[in-house]
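In: here's my sequence, what's the structure:
(one chain, ligands or ions: 1)
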Amino acid sequence: MSYAIAIDGPAGAGKSSIARRMAEILDIIYVDTGALYRVIGLAVYREAGMCQDPETISRIADQVEVSLSHNEKGQRVFLGEEDVSEEIRREEISQMASIVSAVPFVREKLLSLQRDMAQCQSVVMDGRDIGTRILPNAEYKVFLVCPAEERARRRLLQLREQGLSGDYDQILADIKERDHRDMTREISPLVKADDAIEFDTTGHTAESSADELIEVLGLCPRSC
Ligand code: DC
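Out: Numbers count the residues shown, from 1 in each chain. Now for the predicted structure:
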């Protein structure tokens, strides 16, 4: 019997690291839905810069083909035939993803792609509206929280580990801007599903969070 674990929460709360780790332990597929919005954000950025116009965004989104595949290294995402898995991680694409994700046409376009992934295989899927809209019947639902200041510190550390520099205040402002947009948009805002368990990742590593969640949810690792 296949099952789904929905993990929602704000940017930087640790969703992807925790979900990836849980997928590894449980031997199921990890689906990073934010990457899909990022692909559309990238397509818009390439054609129209930091465009915020819903009509232009819908027109470009209508023309592009977004797809994803999984291999032993994890998920890859494609814009047409092009593998854009690395390029979508750029900072301006993070903001563009948040902007395009508020456009109804974009959310509709990506809906079936996400649901199809959970059709006939077990998945752990992370995003903003997985437990509320994409997989409302998911067997397990988690809502991750973490203060914006802690998330900004983590991001700065991550950049430093990659040999990059970053400004804490700017990172914190970007996180708050994204939180605000994701939580206040009219369609599918970031909100905890009534039946989700809330988990604060402050002071936890991805490994310890994943282990604890697997235990709290009563899931069975592949070794058991
Ligand atoms: O998880 P992420 O940071 O890669 O997501 C990028 C943006 O995509 C995020 O700001 C909000 C949007 N998003 C969404 O609206 N719904 C999802 N299920 C996943 C992401």
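In: and the longest helix seen in the chain, how far out from the chain's middle?
Out: When the chain is parsed with DSSP state H, its longest helix is helix 168-184. Per Cα atoms, centre = their mean, to the nearest Å, the displacement of helix 168-184 from the mean C-alpha position of its chain is 15 Å.
In: after that helix, which helix or strand is next?
Out: Using DSSP states H and E, the helix or strand that directly follows helix 168-184 along the chain is strand 197-200.
In: pull out the buried positions in that next one.
Out: Phe199 (16 or more other Cβ atoms under 10 Å). From N, CA and C alone the C-beta is placed, and that goes for glycine too.
In: tell me the mean pLDDT for that strand?
Out: On average, the pLDDT along strand 197-200 is 98.
In: again with stretch 88-98
Out: pLDDT averaged over stretch 88-98 gives 94.
In: what is the burial count for the closest residue in space to Ala193 that isn't next to it in sequence?
Out: In space, and not counting its chain neighbours, Ala193 is closest to Gly131: 3.7 Å by Cβ to Cβ, 6 or more residues apart in numbering. When neighbours are counted by other Cβ atoms under 10 Å, Gly131 registers 27.
In: Ala193 too?
Out: By the measure other Cβ under 10 Å, the count of residues near Ala193 is 19.
In: ok, it - contacts?
Out: Contact analysis of Ala193 by Cβ atoms under 8 Å, 6 or more residues apart in numbering lists Ala6, Asp8, Gly131, Thr132, Pro136, Lys141, Phe143.
In: likewise for Phe143?
Out: Residues near Phe143 by Cβ under 8 Å, 6+ apart: Ile7, Asp8, Gly9, Gly131, Lys192, Ala193, Ala196, Ile197, Glu198, Phe199.
In: test my guess that Glu87 contacts Leu42.
Out: Yes. Between Glu87 and Leu42 there is a contact under Cβ atoms under 8 Å: 6.2 Å.
In: the two: who's more crowded?
Out: Neighbours were counted for Glu87 and for Leu42 using other Cβ under 10 Å; Leu42 has more, 24 against 16.
In: and the more buried one, how close does it get to the ligand?
Out: Here Leu42 is placed at a distance of 11 Å from the ligand (Cβ to the nearest ligand atom, to the nearest Å).
In: what about that residue, helix or strand, and which?
Out: helix 34-48.
In: which positions within that helix qualify as buried?
Out: Applying a neighbour-count criterion of 16+ other Cβ under 10 Å, one finds Gly34, Ala35, Leu36, Tyr37, Arg38, Val39, Ile40, Gly41, Leu42, Ala43, Val44, Tyr45 buried in helix 34-48.
In: between the residues you listed, which sits nearest Gln63?
Out: Comparing the buried residues of helix 34-48 against Gln63 with Cβ to Cβ places Ala43 closest, at 8.1 Å.
In: ignoring the adjacent residues along the chain, who's closest to that closest one?
Out: Val64 (4.6 Å).
In: repeat for Val142
Out: Val142's closest residue in space is Ile7 (Cβ to Cβ, 6+ apart), at 4.8 Å.
In: cool, and Arg89?
Out: Leaving aside its chain neighbours, Arg89 sits nearest to Arg38 (7.7 Å; criterion: Cβ to Cβ, 6+ apart).
In: quick one, what contacts the one you found?
Out: Counting by Cβ under 8 Å, 6+ apart, Arg38 touches Val77, Ile88, Arg89, Ile93, Ser94, Met96, Ala97.
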